[in-house]
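In: Sharing a model that was predicted from the sequence below.
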Amino acid sequence: MDPQSIPEVRRWTQETGGDTDYLDYLSQRAGLGDWAALSRVLMPEFVEVAGCVLWDRVYAPDNFRTWHEHLKGDATAIEATLNQLRLWLYIDIPEDQESERGALALAEDIAASWRRSLREAFPDRAFEVSATETEDGPVVSFVTMR
């Protein structure tokens with residue numbers, strides 16, 4: 001994904017002039033906490049529970065038990081239900097085609113990073129990781145290939 005394809009980044013770099021780029025944009029807008037939080041999105045932690053691999057951000061024991069019971073222990077269905085990053089919940093995506101394309105490209109980059117993280121954490125397993133466009137916005141998700 002080219003960060004310059006995002007109107008906000010492109011405007012900033014044009015307004016500042018010179019040789020500024022996406023890294024300069026981040027250095028002016030994001031602090032250490034922002035960088036660390038983004039790093040965790042791109043390189044998540046995972047937990048394994050009852051045969052399911054879950055993004056640690058979505059795992060809560062009571063919620064897991066509820067879904068485990070509701071989905072009758074179907075590990076793939078449980079993973080598909082819980083392992084979702086709905087970008088539109090966390091990012092204000094302007095309603096124009098360029099921004100929406102940029103958001104989907106970001107979701108695809110996050111999915112690629114999740115594939116690498118899952119492969120590193122579980123080298124003996126295969127995963128289907130996807131970035132999909134929904135009516136509300138992009139969603140990154142994964143399930144174990146069984």
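Out: Perfect, I can see it now.

In: number of nearby residues for residue 12?
Out: A total of 16 residues lie near residue 12 under the criterion other Cβ atoms under 10 Å. (Each C-beta comes from the backbone N, C-alpha and C, glycine too.)

In: Double-check that residue 78 belongs to a helix.
Out: Yes. Counting by DSSP: H, G, I helix; E, B strand; the rest coil, residue 78 is part of a helix.

In: Look up phi and psi at residue 84.
Out: Torsion angles at residue 84 (phi, psi; degrees, to the nearest 10) stand at phi -130, psi 130.

In: Bridged to it, which residues?
Out: Beta-bridge pairing of residue 84 under DSSP bridges involves residue 141.

In: got it, and residue 128?
Out: Residues in a beta bridge with residue 128, per DSSP bridges, are residue 143.

In: cool, the one 4 residues further on as well?
Out: The partner list for residue 132 in beta bridges (DSSP bridges) reads residue 139.

In: and it, what pLDDT?
Out: Model confidence at residue 132, expressed as pLDDT, equals 97.

In: With residue 19 instead?
Out: 86.

In: Can you report how many residues neighbour it?
Out: Residues near residue 19, counting by other Cβ under 10 Å: 7.

In: From residue 7, how far out is it?
Out: Here the criterion is Cβ to Cβ, to the nearest Å. By it, residue 19 lies 20 Å from residue 7.

In: ok, now residue 1?
Out: Relative to residue 7, residue 1 is positioned 14 Å away (Cβ to Cβ).

In: cool, residue 136 as well?
Out: 20 Å.

In: got it, and residue 116?
Out: When residue 116 is compared with residue 7 (using Cβ to Cβ), they lie 29 Å apart.
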